[in-house]
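S.K.: what shape does this take:
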Amino acid sequence: MPLLSLSWLGLGHTAASPWLLLLLVGASCLLAYILPQVYAVFENSRRLRRFPQPPTRNWLFGHLGLIQSSEEGLLYIQSLSRTFRDVCCWWVGPWHPVIRIFHPAFIKPVILAPASVAPKDRVFYRFLKPWLGDGLLLSTGDKWSRHRHMLTPAFHFNILKPYVKIFNDSTNIMHAKWQRLASQGSARLDMFEHISLMTLDSLQKCVFSFDSNCQEDDLAQLPFLTMCIKESLRLHPPATAISRCCTQDIMLPDGRVIPKGVICRISIFGTHHNPAVWPDPEVYNPFRFDADNGEGRSPLAFIPFSAGPRNCIGQTFAMSEMKVALALTLLRFRVLPDDKEPRRKPELILRAEGGLWLRVEPLSAGAH
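M.R.: You can find the predicted model right below:
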């Protein structure tokens, strides 16, 4: 800035100080950076007024802390889906909006958007990075595309067929342990612990196995079992939510717009418990998944493995393993609920607080 032009500020000869010039330049740059940010916040706030929101704690905290990682937190999410039916706006403090989505029609433009338009929210997933690194789950862009393309053939349906025998073997090992415990008079088991170990055993054997023996055809003869598993996944999805960050404006089917830069929290749990999507959502009814009853239902009404370009690559593997383990368990054991009602606890995955305790009683050999 010319020295003469500073005379109107009343600075006189002091304007020649390089420190003052540096201060003025720094202030100008700071304003040039801050003003667009402030404008963007207020503009987004104006556009987000079209979205309803539940009562906040106060102006400073917004909705922060209203949803706890507990049974009560899940019940609160259920109440949000009943009240708002499609979307609501959630404020994390006074400046950070999150759009919570509970309806398939409003999930669709976000979850089916290209990964570059609605990438995973880095803040939501960053705590996983020390354990998982920058692999398929957390990577983005070209690196994610390369990894996904490389791994997809390994989960092809035909590749998974030989693994059914491995699922049988791992389940047999688990059941042998149950039989020993039952023979000692202890039949109260933490199912989460036992099934987690069985799953780990299956994964290790599948990774290093080339066994080609195919009992896979038997799984196709278990339609009601499949319906029961899906209804359980609807009521208790392993992941209760997924998070995306919009890199550009996303238009919703009713004309409202999720502004660029806003976080979208797709509530899998809320969608699965939304009465506008599932009549009597708290009732366990496997026949919801009968082929005749699914007509007209959006495929995004049921998303326990997510959907779109970043859906779970191992969902067919998981469904096959569950069918084998459950079919063999029901063939050999009577499974009874524990005296204490389990409380759900959403963490990285949905689990039971203090373990999922059930009682098992071996069936007689003649009942097999």
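
S.K.: helices and strands around the one helix or strand Phe224 maps to, which ones?
M.R.: For Phe224, the host element (DSSP states H and E) is helix 223-235. Applying 3 or more CB pairs under 8 Å, 6 or more residues apart in numbering; DSSP states H and E, we find helix 223-235 packed against helix 315-332. C-beta coordinates here come from the backbone N, C-alpha and C atoms, glycine included.

S.K.: give the rounded mean pLDDT of the helix it packs on.
M.R.: Mean pLDDT, helix 315-332: 91.

S.K.: the next helix or strand after it pairs with which strands, and in what direction?
M.R.: Once helix 315-332 ends, the next helix or strand along the chain (criterion: DSSP H and E) is strand 333-337. Here strand 333-337 is paired, per DSSP bridges, with strand 357-362 (antiparallel).

S.K.: quick one: work out the angle between the strand it pairs with and helix 315-332.
M.R.: 50 degrees (axes from the mean of the first three to the mean of the last three CA atoms, to 10 degrees).

S.K.: next one: strand 357-362 to chain centre, how far?
M.R.: When distances are taken as CA atoms, centre = their mean, to the nearest Å, strand 357-362 is centred 30 Å away from the chain's centroid.

S.K.: okay, buried residues for stretch 258-277 please.
M.R.: Across stretch 258-277, burial judged by 16 or more other CB atoms under 10 Å covers 258-259, 262-274, 276-277.

S.K.: same check, this time on stretch 185-193
M.R.: By neighbour count on 16+ other CB under 10 Å, the buried set for stretch 185-193 is Ala187, Leu189, Met191, Phe192.

S.K.: which residues touch the closest residue to Ser45 other than its chain neighbours?
M.R.: Spatial nearest neighbour of Ser45, chain neighbours left out: Pro97 (7.5 Å); criterion: CB to CB, 6 or more residues apart in numbering. Going by CB atoms under 8 Å, 6 or more residues apart in numbering, Pro97 touches Asn44, Ser45, Leu48, Cys89, Trp90, Trp91, Val262, Ile263.

S.K.: which PyMOL command selects the buried ones in those residues?
M.R.: Buried residues among the contacts of Pro97 (16+ other CB under 10 Å), as a PyMOL selection:
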select buried, resi 44+48+89+90+91+262+263
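
S.K.: may I see the buried residues of stretch 185-193 organised as TSV, with distance to Ala220, secondary structure and pLDDT added?
M.R.: Below are those laid out as TSV (distance: CB to CB, whole Å; DSSP: H, G, I helix; E, B strand; the rest coil; pLDDT from 0 to 100):
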residue	distance to Ala220	secondary structure	pLDDT
Ala187	32	coil	78
Leu189	30	strand	88
Met191	26	helix	90
Phe192	29	helix	88
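
S.K.: export those residues as CSV, with columns for distance to Thr226.
M.R.: Output for these, formatted as CSV (distance: CB to CB, whole Å):
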residue, distance to Thr226
Ala187, 28
Leu189, 24
Met191, 20
Phe192, 22
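
S.K.: is Val360 in contact with Leu189, as I believe?
M.R.: Yes: contact status for Val360 versus Leu189: in contact at 6.1 Å, counting by CB atoms under 8 Å.

S.K.: among the buried residues of stretch 258-277, name the ones in helices.
M.R.: With DSSP state H as the criterion, helices contain Ile268, Phe269, Gly270, Thr271, His272 from among the buried residues of stretch 258-277.

S.K.: and the residues you listed, which is closest to Thr56?
M.R.: Thr56 has its nearest neighbour among those in Gly270, at 18.7 Å by CB to CB.

S.K.: from Ser79, how far off is that closest one?
M.R.: Distance of Gly270 to Ser79, computed by CB to CB, to the nearest Å: 10 Å.

S.K.: now do Val277
M.R.: 15 Å.

S.K.: swap in Arg265?
M.R.: Counting by CB to CB, the gap from Arg265 to Ser79 is 16 Å.

S.K.: Arg50 now?
M.R.: In terms of CB to CB, Arg50 sits 22 Å off from Ser79.

S.K.: before we move on, back to that, could the ones in helices among the buried residues of stretch 258-277 be laid out in JSON lines, adding pLDDT and distance to Gly26?
M.R.: Shown next, in JSON lines, are those (pLDDT from 0 to 100; distance: CB to CB, whole Å):
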{"residue": "Ile268", "pLDDT": "97", "distance to Gly26": "47"}
{"residue": "Phe269", "pLDDT": "98", "distance to Gly26": "48"}
{"residue": "Gly270", "pLDDT": "97", "distance to Gly26": "47"}
{"residue": "Thr271", "pLDDT": "98", "distance to Gly26": "49"}
{"residue": "His272", "pLDDT": "98", "distance to Gly26": "52"}
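
S.K.: tell me the one of these nearest Lys120?
M.R.: Nearest to Lys120 among those, with distances taken as CB to CB, is Ile268, at 14.5 Å.

S.K.: check contacts around that closest one.
M.R.: Neighbours of Ile268 in contact, by CB under 8 Å, 6+ apart: Pro237, Ala239, Thr240, Ala241, Ile242, Ile303, Pro304, Ser306.

S.K.: possible to save these as JSON lines with pLDDT, neighbour count and distance to Ala27?
M.R.: Formatted as JSON lines, the contacts of Ile268 follow (pLDDT from 0 to 100; neighbours: other CB atoms under 10 Å; distance: CB to CB, whole Å):
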{"residue": "Pro237", "pLDDT": "96", "neighbour count": "23", "distance to Ala27": "51"}
{"residue": "Ala239", "pLDDT": "93", "neighbour count": "16", "distance to Ala27": "47"}
{"residue": "Thr240", "pLDDT": "95", "neighbour count": "21", "distance to Ala27": "46"}
{"residue": "Ala241", "pLDDT": "95", "neighbour count": "18", "distance to Ala27": "42"}
{"residue": "Ile242", "pLDDT": "93", "neighbour count": "23", "distance to Ala27": "42"}
{"residue": "Ile303", "pLDDT": "97", "neighbour count": "24", "distance to Ala27": "50"}
{"residue": "Pro304", "pLDDT": "96", "neighbour count": "24", "distance to Ala27": "53"}
{"residue": "Ser306", "pLDDT": "93", "neighbour count": "17", "distance to Ala27": "47"}
